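**Q** Okay, predicted coordinates and the sequence, questions at the end:
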Amino acid sequence: MPTTDFSGDGFPGLEVGGLSATFPGKLGILQRVLPTYRTPFFDMLATSCTGGLGVFAGLPRKNEAIEIAGNLSRADYTQAKNIHILAGALYLCWQVGLLHWLDRFDPDVLIVEANPRYLSTRLAIRWMKQRSRPVVGWGLGAPVIQGPLAGWRKSRRSRFIEPFEAILTYSQRGAQEYRDLGYPPERIFVAPNAVAPRPKDPSRKRHPNFEGKPCVLFVGRLQKRKRVDALLRACADLPAEIRPRLVIVGDGPERNSLESLAKEVFPGAEFPGAIHGKDLTGYYEAADLFVLPGTGGLAIQEAMSQALPVIVARGDGTQDDLVRPGNGWQIPPDDLAVLSATLQTALKDAPLLRRMGSESQRIVSEEINLERMVEVFVEVASGLLRK
């Protein structure tokens, strides 16, 4: 695996490369909520912290479709009491019990979400600074703010991230956005967003050509923002000779309406329901192409680990480093014509999809996986202790 050199004025000689690296102390992580998909990451990170990993997080709002982890097997998890204030663009959050947790766990380095809407985080930053201990921000990025009070909001965001000794972000786009905000480039580090470990065994070789109808797969929660309705309509628009078998794995509030739509526009669509873990393997192996027409998409990396090419809608930047011309297509969101055209291009060329699938698997084997994400977190935190 290639070694990435993140050397800068604040981190002389810091390199991220070997899994043998450990953090020689107690690492604390402050989160608004603890989603289920982060459990493998936190437990893997905990094994690399000699003093242990402590996670402080609360519960989401009732109307949020976030599946919450009940516990962590290796990390110390303390549940906060989240107080949610207002909503939408005015949303704020305060976490009760934060200072008590800091006093108890006493972290040597603290990682917090780089979001100024989480008001109590400032208390945690102050607590760490009073003890001359480093704080790291962790965020998607800092997209351009528009609309009323844009200048004030940008200034507020800049002031919030200024005290961080380093910033961890998911993508190169996120890193550029923090640079554009004025944060020192040498203290920005990319920890590629990952939800699955490096594949242990290569997946089976697929036949060079389609065996019967090509199979298109979607895996995810059935919500409006996933735009599965667009996928159904796009498949229906395809020429009859390349119309695929469409398998939609998942459950959620939109399932009934999607099944009704399928009866009208694409009756062959299959809805096997929610399937998780190893039970998904057979679906990935039977597929020829993975498609996510809307936002989100935790299953993209899992699909790539099974040597699948992917079509995804452009989002917040977390997919930019994952989906490239060599392994798939990024398309504009909410553009049915482009989705249909891209499906048509893909499903006409089985050898192309096989080559793209091989590249997908290489990317998650060598570049973007849980091990790699843990390495960056550990090396950044360790580098701060060595300063």
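**A** Noted; the coordinates are in hand. Numbers count the residues shown, from 1 in each chain.
**Q** The stretch 201-350 of the chain: strands as residue ranges?
**A** 215-219, 245-249, 270-273, 289-292, 310-313, 328-331 (DSSP state E, counting those that start in this stretch).
**Q** Give the pairing partners of the fourth one; include direction for each.
**A** This points to strand 289-292. strand 215-219 (parallel), strand 310-313 (parallel) (DSSP bridges).
**Q** Pipe the strands of the stretch 201-350 of the chain into JSON lines and attach mean pLDDT, distance to K205 and mean neighbour count per row.
**A** (Glycine included, C-beta is placed from N, CA and C.) Converted to JSON lines, the strands of the stretch 201-350 of the chain look like this (pLDDT from 0 to 100; distance: least, C-beta to C-beta, whole Å; neighbours: other C-beta atoms under 10 Å):
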{"stretch": "strand 215-219", "mean pLDDT": "97", "distance to K205": "16", "mean neighbour count": "24"}
{"stretch": "strand 245-249", "mean pLDDT": "97", "distance to K205": "20", "mean neighbour count": "21"}
{"stretch": "strand 270-273", "mean pLDDT": "97", "distance to K205": "25", "mean neighbour count": "13"}
{"stretch": "strand 289-292", "mean pLDDT": "96", "distance to K205": "16", "mean neighbour count": "27"}
{"stretch": "strand 310-313", "mean pLDDT": "95", "distance to K205": "19", "mean neighbour count": "24"}
{"stretch": "strand 328-331", "mean pLDDT": "95", "distance to K205": "19", "mean neighbour count": "22"}
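**Q** Turn those into JSON lines, including distance to V195.
**A** Listed next are the strands of the stretch 201-350 of the chain as JSON lines, based on distance: least, C-beta to C-beta, whole Å:
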{"stretch": "strand 215-219", "distance to V195": "12"}
{"stretch": "strand 245-249", "distance to V195": "16"}
{"stretch": "strand 270-273", "distance to V195": "21"}
{"stretch": "strand 289-292", "distance to V195": "14"}
{"stretch": "strand 310-313", "distance to V195": "14"}
{"stretch": "strand 328-331", "distance to V195": "17"}
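**Q** about what we covered before: now the strands paired with strand 289-292 as a markdown table including distance to I83?
**A** Listed next are the strands paired with strand 289-292 as a markdown table, based on distance: least, C-beta to C-beta, whole Å:
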| stretch | distance to I83 |
| --- | --- |
| strand 215-219 | 34 |
| strand 310-313 | 33 |
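**Q** out of these, which comes closest to P192?
**A** strand 310-313 (15.2 Å; C-beta to C-beta).
**Q** Which one, of the strands of the stretch 201-350 of the chain, ends up nearest to R117?
**A** Among the strands of the stretch 201-350 of the chain, strand 310-313 sits nearest to R117 (C-beta to C-beta), with 25.1 Å.
**Q** so where's the protein uncertain?
**A** Residue ranges of the chain with pLDDT under 70: 1-20, 202-204, 297, 316-318.
**Q** Mind doing that once more with 50?
**A** Residues of the chain meeting the criterion pLDDT under 50: 1-19.
**Q** and it, what are its domains?
**A** Domain segmentation of the chain under automatic domain parsing yields 4-195+369-386, 215-366.
**Q** Check which residues of stretch 267-282 are buried.
**A** A269, F271, L280 (16 or more other C-beta atoms under 10 Å).
**Q** Dump the residues you listed into JSON lines; add distance to G182 as well.
**A** Listed next are the buried residues of stretch 267-282 as JSON lines, based on distance: C-beta to C-beta, whole Å:
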{"residue": "A269", "distance to G182": "49"}
{"residue": "F271", "distance to G182": "48"}
{"residue": "L280", "distance to G182": "43"}
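**Q** For the residue most central in space within the chain, which three-state class applies?
**A** The centre of the chain sits closest to N193, judged by C-alpha atoms, centre = their mean, with a distance of 4.5 Å. Classification of N193 using DSSP: H, G, I helix; E, B strand; the rest coil returns coil.
**Q** Now do the contacts for it.
**A** Y170, S171, T318, L322, I368, M373 (C-beta atoms under 8 Å, 6 or more residues apart in numbering).
**Q** and the gap between it and R206?
**A** Noted for N193: a distance of 27 Å to R206, by C-beta to C-beta, to the nearest Å.
**Q** what does G51 give?
**A** From G51 to R206 the distance is 46 Å (C-beta to C-beta).
**Q** Between those two, point out the one with more neighbours.
**A** R206 (20 against 15; other C-beta atoms under 10 Å).
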